[in-house]
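*Asks:* sequence first, then the predicted structure, then my questions.
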Amino acid sequence: MSSKKNKKRSFISELKHEDRINENFLNVVSDLKLEELIAVKLEQSARMTGGKFYNLPIWYTLPYICRDACFKFASSICNTKSDMASLLGIPYDTFTDIYKKYNNE
């Protein structure tokens, strides 16, 4: 058996490995507030659809989008499920239900 442990790769490292982001992009993103970053992403999406988001309930889906981002963040930096639950500020029992949901998608 190998003595090397499987080292967890951060979400940023994954995106860099896929050549989807680089250090320059990270520097630009670090200068933006989260609200500004979301607004930029929405504006870019609106450009692709001609400025129309018909039948897309952004206001109601935004909490789920943010939760998904938080879950990805927690899973990239935490080693255990209990650490992830603590980071997210939710009880472990609630977290296990959420964990099952995200890993079945």
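*Replies:* Perfect, thanks for sending it.
*Asks:* sec struct for Tyr54, please.
*Replies:* coil (DSSP: H, G, I helix; E, B strand; the rest coil).
*Asks:* any idea how far apart the tips of stretch 42-61 sit?
*Replies:* 13 Å (Cα to Cα, to the nearest Å).
*Asks:* so how far is that stretch from its chain's centroid?
*Replies:* 19 Å (Cα atoms, centre = their mean, to the nearest Å).
*Asks:* in it, what counts as buried?
*Replies:* Buried residues in stretch 42-61, counting neighbours by 16 or more other Cβ atoms under 10 Å, are absent. Every residue, glycine included, has its C-beta placed from N, CA and C.
*Asks:* what about Asn27, neighbour count?
*Replies:* Asn27: 9 surrounding residues under other Cβ atoms under 10 Å.
*Asks:* again, but for Ser86
*Replies:* Ser86, neighbours per other Cβ under 10 Å, totals 15.
*Asks:* and the gap between it and Arg67?
*Replies:* In this view, Ser86 and Arg67 are 16 Å apart by Cβ to Cβ, to the nearest Å.
*Asks:* now do Thr94
*Replies:* For Thr94 relative to Arg67 (Cβ to Cβ), the value is 12 Å.
*Asks:* what of Ala46?
*Replies:* Counting by Cβ to Cβ, the gap from Ala46 to Arg67 is 23 Å.
*Asks:* residue ranges in the chain under the pLDDT threshold?
*Replies:* 1-8, 105 (pLDDT under 70).
*Asks:* so where do the helices sit in this structure?
*Replies:* 11-17, 23-30, 34-48, 58-77, 81-88, 92-104 (DSSP state H).
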